[in-house]
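# Here is the input, now give the coordinates:
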Amino acid sequence: MLNISLLTWAVTIGLILALLAVDLILGAVRPHRVGFGEATAWSVFYILVAVGFGAWFALRYGGEFGTEYFAGYVVEKSLSVDNLFVFVIIMTTFAVPAEHQHKVLTFGIVLALAMRAIFIALGATLLALFSFMFLLFGLLLIYTAVQLFRHRDEDPDIEDNVMVKAARRLLPITDHYVGGKLTTRVDGRRMVTPLFIVLLAIGSIDLLFALDSIPAVFGVTEEPYIVFVANAFALLGLRALFFLVSGLLDRLVYLSTGLSLILAFIGVKLILHWAHVDLDHRVPEISTPVSLAVIAVVLTVVTVASLIKTKHDPTAKAHAGSLRAHPRPADSAQEADRG
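Have a look, this model is predicted:
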């Protein structure tokens, strides 16, 4: 078992909060359009921070735990790219001005970290108390993988989000963004701005992603500390990565297929672990180095295949994937005509 002192926990959380504070200050004090050079610099910085932490962690606690960290980081980083698809859809749907996208992304990452911290604590407690939770987590990931593969050529319908629909119905909303404010007063009446609805949409989407990503990373490590830092460092680089690759996301046409394969693989790994512990120790398990190799190969293959596909077919466009079917515009129009 990994023994992490309270001091190490405190220093780690302090480092993460400090990095978040820098993002918040940049987004709130100096709202601006993030250029390619700035996005590249920040992306490289966050990757170096994550790799540097992993090197220290492996030297301090051993190569096995270091491998688990890097495997968890790669899993969360690959899943975070799918987050980027949804962020792009949200920004487009609500026409978020470029100067406010930095703030939206940073707040979205803060919300994601907070919810993941809660799910990590809950997941670790459940796994410690009930070993059959490995089976349930595995089945959840396989179900998610199947649904994602079935609807890999679709995008989530943001306007159909329950929280967004409820907010539109219950809250007075201004027609325009008001200088990046969440609320404002119009003719003496307190109203929320579209930016508030955007944050609500991102927060609810983050909750859904946490339901998948936490069981996925528990599939490569059972250590709550590793799960937390892998999530944190993967999410911290998400803001810069958004501005760096948002123009390239449309070319990753096979990403949803690759993510569905990764989720299914980790689901099988969790089920084999449960069977090994609860049923028969002769049931084989999948080691962390093998998991890391499989994940890396899948991501490499889908990235190369996507670039080849879009090179030969410029009309091909990537989709974020969805866990359930949504009516197409033509179908909606037909239903409206019948109504």
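
# Mind telling me what element the residue nearest the centre of the chain is part of?
Geometric centre of the chain, nearest residue: residue 80, 3.5 Å, by CA atoms, centre = their mean. In the assignment (DSSP states H and E), residue 80 maps to helix 63-93.

# Kindly report the same for residue 241.
helix 238-245.

# Following the chain onward from that helix, which element is next?
helix 255-274.

# how about residue 283, what does it touch?
Residues in contact with residue 283 (CB atoms under 8 Å, 6 or more residues apart in numbering) are 272, 275-276. Placement of C-beta: from N, CA and C, glycine included.

# distance of it from residue 271?
10 Å (CB to CB, to the nearest Å).

# circling back to that earlier point, as a whole number, average confidence for the helix holding residue 241?
For helix 238-245, the mean pLDDT works out to 73.

# just stretch 221-232 next, same as before
Here the average pLDDT along stretch 221-232 is 87.

# same thing with stretch 291-310?
87.

# With just CA atoms, put it into PDB.
Extracted as PDB, the C-alpha positions of stretch 291-310 are listed here (Å, rounded to 0.1, in the frame of the first residue of the first chain):
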ATOM      1  CA  SER A 291      -2.400  -1.400 -19.500                       C
ATOM      2  CA  LEU A 292      -0.100   1.600 -20.200                       C
ATOM      3  CA  ALA A 293       1.200  -0.100 -23.400                       C
ATOM      4  CA  VAL A 294      -2.300  -1.000 -24.700                       C
ATOM      5  CA  ILE A 295      -3.600   2.600 -24.000                       C
ATOM      6  CA  ALA A 296      -0.600   4.200 -25.700                       C
ATOM      7  CA  VAL A 297      -0.900   1.900 -28.800                       C
ATOM      8  CA  VAL A 298      -4.700   2.600 -29.100                       C
ATOM      9  CA  LEU A 299      -4.200   6.300 -28.900                       C
ATOM     10  CA  THR A 300      -1.300   6.300 -31.400                       C
ATOM     11  CA  VAL A 301      -3.300   4.100 -33.900                       C
ATOM     12  CA  VAL A 302      -6.500   6.200 -33.700                       C
ATOM     13  CA  THR A 303      -4.500   9.500 -34.000                       C
ATOM     14  CA  VAL A 304      -2.600   8.300 -37.100                       C
ATOM     15  CA  ALA A 305      -5.600   6.700 -38.700                       C
ATOM     16  CA  SER A 306      -7.700   9.900 -38.100                       C
ATOM     17  CA  LEU A 307      -5.000  12.100 -39.700                       C
ATOM     18  CA  ILE A 308      -4.800   9.700 -42.700                       C
ATOM     19  CA  LYS A 309      -8.600   9.600 -43.000                       C
ATOM     20  CA  THR A 310      -9.000  13.400 -43.000                       C
END
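
# buried stuff in it?
Within stretch 291-310, the residues scored as buried using 16 or more other CB atoms under 10 Å are 291-292, 294-295, 298-299, 302-303, 306, 310.
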